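Novice: Let's see this in three dimensions:
(chains A and B)
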Amino acid sequence: MTRNYLLSTALGLCIATPALAVEQADVLTTYADIAAANYDDARITAVALQSAVDALIADPSAEALQAAKTAWLAARVPYQQTEVFRFGNAIVDDWEGKVNAWPLDEGLIDYVDLSYGGATDENHFAALNVVASPAFTLSGTEVDASAITPELLAETLHEADGVESNVATGYHAIEFLLWGQDLNGHGAGAGSRPWTDYAAGEDCTGGNCDRRAAYLKAATDLLVSDLEWMAAQWVEGGDARAALSETDATGISAILTGMGSLSYGEQAGERMRLGLMLNDPEEEHDCFSDNTHNSHYYDGLGIQNVYLGEYIRVDGTLVTGPSLSDLVAETDAALDAEVQSKLATTMLALGRIKSTAEAGFAYDQMLERGNAGGEALIMGGVNGLIDQTRSFERVVAALGVDQIAFEGSDSLDAPEAVFK
Amino acid sequence: MKRLFCAIAIFLGAGAVSAQSLSDVTGAAIDAHILPRFERLATDAQQLANVAQDNCDAASPALRAAYGTAFDAWVGVSHLRFGPTEHDDRAFALAFWPDSRGVTPRSLLSLIADEDPIGLDADAYADVSIAARGFYALEFLLYDDAALAAGDAAYRCALVQTVTADIAALASAIDADWRGTYAADMRAPSQTGHYRTQEEAAQELFKAVSTGLEFLGDTRLGRPLGTFDRPRPTRAEVWRSGRSAHHVALSLAAIGELAQILAAGDAQVSDVVADGFARAQARVAQLDDPVFAGVTDPSGRFAIEVLKQSIDAIRATVRNDLGPKLGVVAGFNALDGD
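Specialist: You can find the predicted model right below:
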């Protein structure tokens, strides 16, 4: 390949370069080790959620519903940290929509408040309500939904009619089934689905409690199997790990692509600034549970994890090794200090959102029109994320990982074009 | 790692331009492209607000003409999304689109239904959701059947005046910031400035071209195209006022002008870039489908797909020829992510 030829030529010309302490291959190994541990933690905590859901369905009660919610919140902690692996690794990005698609038109799944409205220009199935509909027509095809199975969710309902907000699977579908809609607008409080939505016989509220339970069970089982699959891709011999090490340079650019695309376009833009500019209380990542402050915080932490080459597992184990930070420091120590400082600034800003939310000022309250305190909190996070992305671009330039592997990945699709 | 750095340095040394000529390129882009276009936007937006003060009836030909002229000026700068446009969310407030969750109709109809007093106060209106501000909200107020029939006519009329005054204020603020300090800062990068080197300033302009083309191909054309089985004609940009294809032509012309400035000094790159844009412009001109309604039938769809391919071809040219000529890469942009 052209690239290899040029690199070996350059190697000849630069023969005087001293031997280096940090090898790219070792940095990639640390990155893959963190991914493997992180996805395994996501799997472990999803299995705990699955047990709590099974217990809720077997013996519905307020306590059992609360236990399932607690398990869901715990499961989000490791999962959100994995989001940094998404945009740089095609195998993750292609799969991610099954587990963490957002935002969703929840009326597809279950009953909603009248204020939700019905079908929209964008989505004819925004108010389908599968829980109440054992049979319906979808894009001209009769669908038998008498049994709610993982296959029905994954293969028929998810992204039905080609509409992305028809989210039938993943964390946010489960979140809706546990919490229900948050009807408090910009006021205090999350969704408050009664536990009796899962009760048997005459105690059942909201109708079709057995079908709702079947949906929750199917969605949770699917989440566990999807996470099992992804965790397996990152162990020794897994496809994600192998793809990363095809060449060292593409691996390093995958790390930086994940960090930059998550920081800027996705988190700072789509998830934080847009919601603030729209003043819409539904424009928050975990809108049913009011857990958005944690989603943002752990997204940011994931970015810091991969740069520093350190991840602390849910059981307290430290996973660490040679890092991108080490590699940058070797080329430009000042730039490494700049990146570390910006990552720390972002974490402080995201930490302020988290601590304020935990003290009672929820993320959807921060989004309210004219709320200056909320705007300052959220923009602190946005500005930190945008600012750190500029430093990532400087890392790209300093390391010479030219033509970074953006989403769509033109440079990976046509590497010969890069060095022609 | 330093070995790879050597390889890149050698590679750039052979093809990339010097810091001096990068500075010339940036200066030319500011003087011949950026400043005149933002001045035009500020002037046309003020004219729109003035016309609306005199006649806020949605059906008024004078108002609709002024809307068209000012919107044209916006599309001509819509690829320049950095610096003054991003301060205080100005560009988001001028141009909230695409609106995949239907927030613009929802926000406007609720203002109208409530006769919310904020809709009567152009200064306070800056606190309103961006979905109810700017050109795309104005299109809805002037051309959507539901909006035209909603609520009280006098309130709607006043809301048009408020939205246009807000547009004028935003355009004026962007223009003032460019003339104030931003242009000077971009011309003279420094270790403490927003741009540390000539390369960083040139990279910003290069990103404007590459991101502008990405938005043009994937969003302005990609949204209505949908898939073959499920085309989405009502996702076309500003179809209510019949301007979808017109926006593609305007945006192509504007991005082409900037790309040509960036390519200056290298006849070969300059020719390839000019050819690419000319081919795409010819295809828009031949289209005769102002709102991309043809996405739903095979022959109409084919013509639009061919147009999109010609834009994808320019993207490749920009990436493979223009980037190396400048010695910069695309970096991150706001369209990364889902």
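
Novice: can you pull the contacts of the nearest residue to B:Ala150 once chain neighbours are set aside?
Specialist: With sequence-adjacent residues excluded and distances taken as CB to CB, 6 or more residues apart in numbering or on different chains, B:Ala150 is closest to B:Ile112, at 4.8 Å. To be clear about C-beta, it is placed using only N, CA and C from the backbone, and glycine gets the same treatment. Applying CB atoms under 8 Å, 6 or more residues apart in numbering or on different chains to B:Ile112 gives the contacts B:Gly119, B:Ala147, B:Ala150, B:Gly151, B:Asp152, B:Tyr155, B:Arg156, B:Leu159.

Novice: ok, now with 7 Å
Specialist: For B:Ile112, the contacting residues are B:Ala150, B:Gly151, B:Tyr155, B:Arg156, B:Leu159, by CB atoms under 7 Å, 6 or more residues apart in numbering or on different chains.

Novice: got the residues of the stretch 51-200 of chain A near chain B?
Specialist: Contact residues, the stretch 51-200 of chain A versus chain B (CB under 7 Å from any CB of the partner chain): A:Phe87, A:Pro103, A:Thr120, A:Asp121, A:Glu122, A:Gly162.

Novice: Can you give me the distance of the residue nearest to B:Ala150 to chain A?
Specialist: 16 Å (CB to the nearest CB, to the nearest Å).

Novice: element containing that residue, please.
Specialist: Taking DSSP states H and E as the criterion, the element that holds B:Ile112 is helix B:103-114.

Novice: Not counting whichever helix or strand comes after that helix itself, show me its contacts.
Specialist: Next helix or strand after helix B:103-114 toward the C-terminus (DSSP H and E): helix B:134-143. Contacts of helix B:134-143 with the rest of the structure, by CB under 7 Å, 6+ apart, involve B:58, B:64, B:67, B:71, B:74, B:93-97, B:104-105, B:108, B:131, B:147, B:156, B:159-160, B:163-164, B:167, B:238, B:240-241.

Novice: roughly how far out does helix B:134-143 sit from the chain middle?
Specialist: Distance, stretch centre to chain centre, for helix B:134-143: 16 Å (CA atoms, centre = their mean, to the nearest Å).

Novice: By neighbour count, which bits of the following helix or strand past that helix are buried? Give me those.
Specialist: Per DSSP H and E, helix B:134-143 leads on to helix B:145-149 as the next helix or strand towards the C-terminus. When burial is assessed from 16 or more other CB atoms under 10 Å in any protein chain shown, helix B:145-149 yields the following buried residues: B:Ala147.

Novice: Stretch A:165-176 too?
Specialist: Neighbour count says stretch A:165-176 has A:Ser165, A:Asn166, A:Val167, A:Ala168, A:Thr169, A:Gly170, A:Tyr171, A:His172, A:Ala173, A:Ile174, A:Glu175, A:Phe176 buried, by 16+ other CB under 10 Å.

Novice: taking the contacts of helix B:134-143 one by one, which sit in helices?
Specialist: Secondary structure from DSSP state H places B:64, B:67, B:71, B:74, B:93-94, B:104-105, B:108, B:147, B:156, B:159-160, B:163-164, B:167 of the contacts of helix B:134-143 in helices.

Novice: I'd like the buried residues of stretch A:165-176 as JSON lines, with secondary structure appended.
Specialist: Converted to JSON lines, those look like this (DSSP: H, G, I helix; E, B strand; the rest coil):
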{"residue": "A:Ser165", "secondary structure": "coil"}
{"residue": "A:Asn166", "secondary structure": "coil"}
{"residue": "A:Val167", "secondary structure": "coil"}
{"residue": "A:Ala168", "secondary structure": "coil"}
{"residue": "A:Thr169", "secondary structure": "coil"}
{"residue": "A:Gly170", "secondary structure": "coil"}
{"residue": "A:Tyr171", "secondary structure": "helix"}
{"residue": "A:His172", "secondary structure": "helix"}
{"residue": "A:Ala173", "secondary structure": "helix"}
{"residue": "A:Ile174", "secondary structure": "helix"}
{"residue": "A:Glu175", "secondary structure": "helix"}
{"residue": "A:Phe176", "secondary structure": "helix"}
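
Novice: what would those residues look like in a markdown table with pLDDT and distance to A:Ser295?
Specialist: Listed next are the buried residues of stretch A:165-176 as a markdown table, based on pLDDT from 0 to 100; distance: CB to CB, whole Å:
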| residue | pLDDT | distance to A:Ser295 |
| --- | --- | --- |
| A:Ser165 | 92 | 18 |
| A:Asn166 | 95 | 21 |
| A:Val167 | 96 | 15 |
| A:Ala168 | 97 | 20 |
| A:Thr169 | 98 | 18 |
| A:Gly170 | 98 | 13 |
| A:Tyr171 | 98 | 9 |
| A:His172 | 98 | 10 |
| A:Ala173 | 98 | 15 |
| A:Ile174 | 98 | 14 |
| A:Glu175 | 98 | 11 |
| A:Phe176 | 98 | 15 |
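
Novice: possible to save the residues you listed as JSON lines with distance to A:Ala32?
Specialist: Converted to JSON lines, these look like this (distance: CB to CB, whole Å):
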{"residue": "A:Ser165", "distance to A:Ala32": "33"}
{"residue": "A:Asn166", "distance to A:Ala32": "33"}
{"residue": "A:Val167", "distance to A:Ala32": "29"}
{"residue": "A:Ala168", "distance to A:Ala32": "31"}
{"residue": "A:Thr169", "distance to A:Ala32": "26"}
{"residue": "A:Gly170", "distance to A:Ala32": "24"}
{"residue": "A:Tyr171", "distance to A:Ala32": "24"}
{"residue": "A:His172", "distance to A:Ala32": "28"}
{"residue": "A:Ala173", "distance to A:Ala32": "29"}
{"residue": "A:Ile174", "distance to A:Ala32": "28"}
{"residue": "A:Glu175", "distance to A:Ala32": "29"}
{"residue": "A:Phe176", "distance to A:Ala32": "33"}
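
Novice: what about A:Ala25, neighbour count?
Specialist: Residues contacting A:Ala25 under the criterion other CB atoms under 10 Å in any protein chain shown number 11.

Novice: That one against A:Asp248, yeah?
Specialist: Yes - shown here, A:Ala25 and A:Asp248 form a contact pair, counting by CB atoms under 7 Å, at 6.0 Å.

Novice: burial count for the nearest residue to A:Tyr264 once chain neighbours are set aside?
Specialist: Excluding its sequence neighbours, the residue lying closest to A:Tyr264 (CB to CB, 6+ apart) is A:Thr389, at 4.2 Å. Neighbour count of A:Thr389, defined by other CB under 10 Å: 25.

Novice: Around chain A, which positions in the stretch 151-300 of chain B sit nearby?
Specialist: B:Gly226, B:Thr227, B:Arg230, B:Thr234.

Novice: For these, pick the one with the most neighbours.
Specialist: Most surrounded of these: other CB under 10 Å gives B:Gly226, at 16 neighbours.

Novice: dump the residue contacts of that residue.
Specialist: By CB under 7 Å, 6+ apart, the residues touching B:Gly226 are A:Gly162, B:Arg232, B:Val295.

Novice: Redo those residues as TSV? Include neighbour count.
Specialist: Shown next, in TSV, are the contacts of B:Gly226 (neighbours: other CB atoms under 10 Å in any protein chain shown):
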residue	neighbour count
A:Gly162	13
B:Arg232	19
B:Val295	23
